[in-house]
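Chemist: After the sequence you'll find the predicted model.
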Amino acid sequence: MCRWQNDVWMLNSILVILFGCPALLQSQQLPGSVRGTIVDKTGAIIGGARVTLSTGGRSPKPEVLSGNDGQFSFAGVAPGLFHITVSAQGFATQSSSGIVQSGEVFNLPQIVLQVATVTTDVQVTLSPAEITEEQIKVEEKQRLLGVIPNYYVSYSPQAAPLTSKQKFGLALRSTVDPFGFGVNGAIAGVEQWQNDFAGYGQGAQGYAKRYGASYADFFTGTLIGGAILPSLLKQDPRYFYKGTGTKRARFFYAIANSVIRKSDKGRWQPDYSGILGSLASGGISNLYYPAKNRGASLTFENSAIGIAWGALGNVFQEFFFRQLTPSARQPQAAKP
């Protein structure tokens, strides 16, 4: 044998030793098995649990169910690292790992499943009437400087519509507010000082008549324009604060709201309730004002004054009153 042939033979021998022997040893490894028992934290066996075994191979993961005795078994497990995943209804998923040797029967320690934590989401849905009732409670706390009632304004553009009962409740709440009695008393005092409606005379009797007339205007205007007609015509008596846009746009929005009003369905329409309410209240005032002050002129004069004061009040609502109302909520953006 020449030298180069001897070298080739030696090289082949080395390759066989280096690469052939491990392969030969590997081919002699035997599969093992994995066994275990599943219980709960009290030690009671759990049957029907789903057990999955995974190894480093790409073959599908074998899966078995634990028996009535809580035991499970996997045969033909390739030697090496394995991973067990156990799941059962009502219990949290549990995992376990180990290394099985060639031909070994690997017995896992007891696998203890813990009761799953149950999270319950409770959603409370209020009816539109209940939502509005909550809004009214907020509005009834709205007072300028904490004193002057500011009930008839909503700072939420998407406020739920009022029911007829709620419209009457808000109107009556306004008419019996102590501040209203004080304002009408002040108006009657100014009228007496200027001798307006001279037919009432002077003195305590004249003041009482002027006070009664002023309060009657306030009461009938609020009740008719804020409750009766809005209920019949399905309109919302409140002013809806805008709060966004240019000052010019907000100013004209406030002025326009003296002659337009939202319907209960949220659509803008002529303020039939407010205008007809002012006319009706002015007509009723003919019953108690001095004879020489009665007539159609009184009706339309009071109606015009009511609309003008309404427009001015809306402008103040839009630009000043919210800052003076401590309990006013932040306005919400209207939905598209």
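Modeler: In hand now; what should we look at?
Chemist: check contacts around the nearest residue to Gly266 once chain neighbours are set aside.
Modeler: Nearest-residue entry for Gly266: Pro161, 7.4 Å, with adjacent residues in sequence omitted and distances by CB to CB, 6 or more residues apart in numbering. In short, each C-beta sits where N, CA and C put it, glycine included. Taking CB atoms under 8 Å, 6 or more residues apart in numbering, we find Pro161 in contact with Pro128, Thr132, Asp236, Asp264, Lys265, Gly266.
Chemist: Now the two most distant members of the residues you listed.
Modeler: Farthest pair in the contacts of Pro161 (CB to CB) is Thr132 and Lys265. Separation: 14.0 Å.
Chemist: The two: which has the busier surroundings?
Modeler: Thr132 (18 against 10; other CB atoms under 10 Å).
Chemist: Please give the element, helix or strand, for the more buried one.
Modeler: Taking DSSP states H and E as the definition, Thr132 sits inside helix 128-139.
Chemist: Show me what that helix is packed against.
Modeler: Packing contacts for helix 128-139, counted by 3 or more CB pairs under 8 Å, 6 or more residues apart in numbering; DSSP states H and E, involve strand 153-154, helix 164-175.
Chemist: what's the most buried one of those?
Modeler: Among those, the stretch with the highest mean neighbour count (mean count of other CB atoms under 10 Å) is strand 153-154, at a mean of 21.
Chemist: Adjacent strands (with direction) for that one?
Modeler: Take DSSP bridges as the rule and strand 153-154 pairs in its sheet with strand 239-240 (parallel).
Chemist: Can you name the secondary structure element that comes next after the strand it pairs with?
Modeler: The helix or strand immediately downstream of strand 239-240 is helix 247-256, counting by DSSP H and E.
Chemist: what comes up buried for that next one?
Modeler: Using 16 or more other CB atoms under 10 Å as the test for burial, helix 247-256 gives Arg250, Phe251, Tyr253, Ala254, Ile255.
Chemist: can you give me the strands for the stretch 201-336 of the chain?
Modeler: Using DSSP state E, counting those that start in this stretch, the strands of the stretch 201-336 of the chain run over residues 239-240, 260-262, 268-270.
Chemist: Name the residues of the second one that come out as buried.
Modeler: Buried residues in strand 260-262, counted by 16+ other CB under 10 Å: Arg261, Lys262.
Chemist: tell me how far that strand is from the chain's mean position?
Modeler: Remark: strand 260-262 is offset 26 Å from the chain centroid, using CA atoms, centre = their mean, to the nearest Å.
Chemist: Which elements pack onto it?
Modeler: strand 268-270, helix 272-285.
Chemist: For stretch 221-241, C-alpha coordinates in PDB please.
Modeler: The C-alpha coordinates for stretch 221-241 follow below in PDB (Å, rounded to 0.1, in the frame of the first residue of the first chain):
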ATOM      1  CA  GLY A 221     -94.900  82.400  31.200                       C
ATOM      2  CA  THR A 222     -92.800  79.600  32.800                       C
ATOM      3  CA  LEU A 223     -95.700  77.100  33.000                       C
ATOM      4  CA  ILE A 224     -97.100  77.700  29.600                       C
ATOM      5  CA  GLY A 225     -93.900  78.300  27.700                       C
ATOM      6  CA  GLY A 226     -91.800  75.800  29.700                       C
ATOM      7  CA  ALA A 227     -94.100  72.900  30.300                       C
ATOM      8  CA  ILE A 228     -97.600  73.000  28.700                       C
ATOM      9  CA  LEU A 229     -96.800  73.900  25.200                       C
ATOM     10  CA  PRO A 230     -93.400  72.000  25.100                       C
ATOM     11  CA  SER A 231     -95.300  68.900  26.200                       C
ATOM     12  CA  LEU A 232     -98.000  69.400  23.500                       C
ATOM     13  CA  LEU A 233     -95.700  70.400  20.700                       C
ATOM     14  CA  LYS A 234     -92.900  68.000  21.700                       C
ATOM     15  CA  GLN A 235     -90.200  70.700  22.100                       C
ATOM     16  CA  ASP A 236     -87.400  71.000  24.600                       C
ATOM     17  CA  PRO A 237     -87.600  74.200  26.700                       C
ATOM     18  CA  ARG A 238     -83.900  74.400  27.600                       C
ATOM     19  CA  TYR A 239     -81.000  76.400  26.100                       C
ATOM     20  CA  PHE A 240     -78.200  74.100  24.800                       C
ATOM     21  CA  TYR A 241     -74.900  75.700  25.400                       C
END
